[in-house]
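# Structure of the sequence below:
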Amino acid sequence: MQRTLAIILFFCFTAFGTLANAQQPAQPATLRSLLLHELRTTHNQADWFAPISVALDGLTPEQANWQPPNGGHSAGQLAYHLLFWNRRSLNNFRGIKNDKFTGENTETFDKFDSKQWTDTVKQLDEVMTDLEKLVESADDQQLAKWAPTIGNICTHNAYHTGQIVYVRKLQGSWNPAKGVK
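From the prediction side, this is the model:
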């Protein structure tokens with residue numbers, strides 16, 4: 001009897017909560033909310049795909065250095081590449097001068113050093129967090145100016161995160177319970 005009453009109460013409260021939520025108007029998306037959503041879902045909030053934090057979680061320096069036998073970048077090279085470009089974009093938004101760059105994209109992969117793996121992951125997380133904070137505090141004019149670049153950053157992050165997951169699958173170091181079977 002108590003179990004039945006508990007089940008009835010559960011469904012009543014669930015239905016009431018759903019009805020109450022349905023009566024509240026949905027907040028319209030803003031440019032800021034969309035940009036933050038994209039940054040966060042490519043950084044550390046799993047949504048439709050694994051974010052970079054999940055893709056790199058548990059990866060050892062040795063595993064990060066492994067390259068597919070038929071060619072391609074290692075997970076570490078891909079993470080370093082993301083760190084390079086995300087940091088550069090963040091500096092540009094902040095008006096900070098970047099280090100000299102030849103324009104040769106291969107060096108954004110090839111400067112990866114497995115001895116620096118833990119620091120690379122930490123720095124990538126910090127840069128992505130700083131991008132989110134920048135979007136949170138930017139005025140509407142800045143957001144409108146930066147939006148196309150931030151959209152490209154997010155697409156770039158998602159693309160290379162997918163590559164990291166694929167490399168880990170080839171390597172046998174990917175746990176399918178993390179969201180990608």
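# Mind giving me the packing neighbours of whatever helix or strand His160 lives in?
Per DSSP states H and E, His160 falls inside helix 140-171. Where contact means 3 or more CB pairs under 8 Å, 6 or more residues apart in numbering; DSSP states H and E, helix 140-171 is packed against helix 31-43, helix 52-56, helix 75-94, helix 117-137. Any C-beta I mention is one placed from the backbone N, CA and C, and that applies to glycine too.
# now the angle between helix 117-137 and the first one, please.
Which is helix 31-43. 170 degrees (axes from the mean of the first three to the mean of the last three CA atoms, to 10 degrees).
# Mind listing what's buried along helix 31-43?
32, 34-36, 38-43 (16 or more other CB atoms under 10 Å).
# Which one, of the helices and strands packed on helix 140-171, ends up nearest to Lys145?
helix 75-94 (9.3 Å; CB to CB).
# mind showing which ranges of the chain have poor pLDDT?
1-25 (pLDDT under 70).
# can we see that at 80?
1-26, 179-181 (pLDDT under 80).
# about what we covered before: redo the helices and strands packed on helix 140-171 as a markdown table? Include distance to Phe101.
As requested, the helices and strands packed on helix 140-171 are exported to a markdown table (distance: least, CB to CB, whole Å):
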| stretch | distance to Phe101 |
| --- | --- |
| helix 31-43 | 23 |
| helix 52-56 | 22 |
| helix 75-94 | 8 |
| helix 117-137 | 16 |
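# returning to what we had before: what angle separates the helix holding His160 from helix 31-43?
20 degrees.
# Quick one: residues contacting Thr118.
The neighbourhood of Thr118, defined by CB atoms under 8 Å, 6 or more residues apart in numbering, consists of Pro61.
# and if you look at Asn92?
98, 149.
# Kindly report the same for Leu124.
52, 56, 79, 82-83, 86.
# Now for the residues you listed: which two are most distant?
For these, and using CB to CB, no pair is farther apart than Leu56 and Asn86, which are 13.6 Å apart.
# now Ile96, what's its secondary structure?
coil (DSSP: H, G, I helix; E, B strand; the rest coil).
# quick one, phi/psi of it?
Reported as degrees, to the nearest 10, the phi and psi values for Ile96 are phi -100, psi 130.
# same deal with the one 3 residues further on?
The phi and psi values for Asp99, taken as degrees, to the nearest 10, are phi -60, psi 160.
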